[in-house]
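> After the sequence you'll find the predicted model.
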Amino acid sequence: MSFDRSVKIAPSILSADFANFGSEIQAIEAQGCDWVHVDVMDGHFVPNLTFGPALCKAIRPHIKTVMDVHLMIAPVDPYIDAFADAGADIITAHLEAGPHIHRTLQAIRGAGAKAGLALNPGTPVEAAAPLLDLCDLICVMTVNPGFGGQKFIASQVAQVRALRDMIGDRPIHIEIDGGVDPTTAPKVVEAGADVLVAGSAVFRGGSVDTPEVYGENIRAIRAAAATVQAAA
Ligand code: DX5
Ligand code: ZN
């Protein structure tokens, strides 16, 4: 994975057909997505349950782009090796998931994956300052994690801008997760984001039998994001 700040669309398979992950992934990649975002939830750190490393391993052969695993679990550390072994390119842990996020980020890199740090809407981005050198990606949550289809929290745009300033020239992606659609995408790209996670806005209206709808949805987000100048 080489680093660049071009806009990347990362559909969240939380909004895909759970009985058809392989075909859904093939469809979104054929329709032009850049990364595949995998939302792991434990029913404890967030009030919803999804899937674990075994499913990640099963879908890995279908992913030709980048497997971006977002862990909404606590604790994180006992499971890092399992997600790395499952083939995650990026493993993102929440700052709020435990007392030792510094150790967690070190362990993710130690397991051979890129390290992501996710911040809930209630967490000031300044909390990431001591961790920047351990991060390959920082995920700014624009909803409270746990469910797809929630409303974008607009006050997070200012936090994205502050984070972009803090990052400077460091090779750290800024990922936005929650409520991204053609209306909200330009706001976060203008503020400095480069990875846009989108669940409902990509999968809405389509299916593996009508994958062209996924393509239209992906292109609509990309075109909206291209209308603004990204923060330098
Ligand atoms: C929320 C997840 C998101 C979610 C995004 O907890 O981390 O990735 O699936 O879904 P939308 O795009 O529908 O807000
Ligand atoms: Zn996510």
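Thanks, I have the structure now. Ligands and ions are numbered 1, 2, ... in the order given.

> Residue 213 and residue 202 touch, don't they?
No. With contact defined as CB atoms under 8 Å, residue 213 does not reach residue 202; the gap is 9.3 Å. For glycine as for every other residue, the C-beta is placed from the backbone atoms N, C-alpha and C.

> ok and the residue in this protein nearest ligand 1?
Closest residue of the chain to ligand 1, CB to the nearest ligand atom: residue 199 (3.0 Å).

> coming back round to it: more neighbours: residue 213 and residue 202, which one.
The residue with more neighbours, out of residue 213 and residue 202, is residue 202; 31 against 17, by other CB atoms under 10 Å.

> That one falls within a helix, correct?
Yes. Membership of residue 202 in a helix is supported by DSSP: H, G, I helix; E, B strand; the rest coil.

> show me the contacts for it.
9, 11-12, 15, 28, 33, 214, 217-218, 221 (CB atoms under 8 Å, 6 or more residues apart in numbering).

> same question, residue 180
So residue 180 contacts 142, 152, 188, 196-198, 201, 221 (CB under 8 Å, 6+ apart).

> can you tell me which of these are in helices?
188, 201, 221 (DSSP state H).

> near ligand 1, which of the residues you listed show up?
Checking the ones in helices among the contacts of residue 180 against ligand 1 by CB under 6 Å from any ligand atom, the ones in range are residue 201.

> Most neighbours among the ones in helices among the contacts of residue 180, which one?
Result: residue 188 is most packed of those (other CB under 10 Å), 30 neighbours.

> Residue ranges in the protein under the pLDDT threshold?
Within the chain, the segments meeting pLDDT under 70 span 232.

> give me that answer again for 90
Residues of the chain that meet the criterion pLDDT under 90 lie in 1-2, 229-232.

> coming back round to it: just list the residues touching the residue of the chain closest to ligand 1, thanks.
11-15, 37, 39, 148-149.

> Phi first, then psi, for it.
phi -100, psi -80 (degrees, to the nearest 10).

> how many other residues sit next to the residue in the chain that ligand 2 sits nearest to?
Closest residue of the chain to ligand 2, CB to the ion: residue 70 (3.7 Å). Using other CB under 10 Å, residue 70 is surrounded by 27 other residues.

> Then the one 4 residues further on?
For residue 74, the number of neighbouring residues by other CB under 10 Å comes to 15.

> Helix, strand or coil: sort out it for me.
Once three-state DSSP is applied, residue 74 turns out coil.

> what's near enough to touch the nearest residue to residue 147 once chain neighbours are set aside?
Nearest non-adjacent residue to residue 147, counting by CB to CB, 6 or more residues apart in numbering: residue 48, 5.9 Å away. Shown in contact with residue 48 (CB under 8 Å, 6+ apart): 41, 146-147.

> restrict the residues you listed to contacts with ligand 1.
Of those, the ones that also sit near ligand 1 (CB under 6 Å from any ligand atom) are residue 146.

> So which bits of this structure are right by ligand 2?
39, 70, 177 (CB under 5 Å from the ion).

> Enumerate every residue touching the first one.
The reference is to residue 39. By CB under 8 Å, 6+ apart, the neighbours of residue 39 are 12-14, 50, 70, 72, 148, 199.
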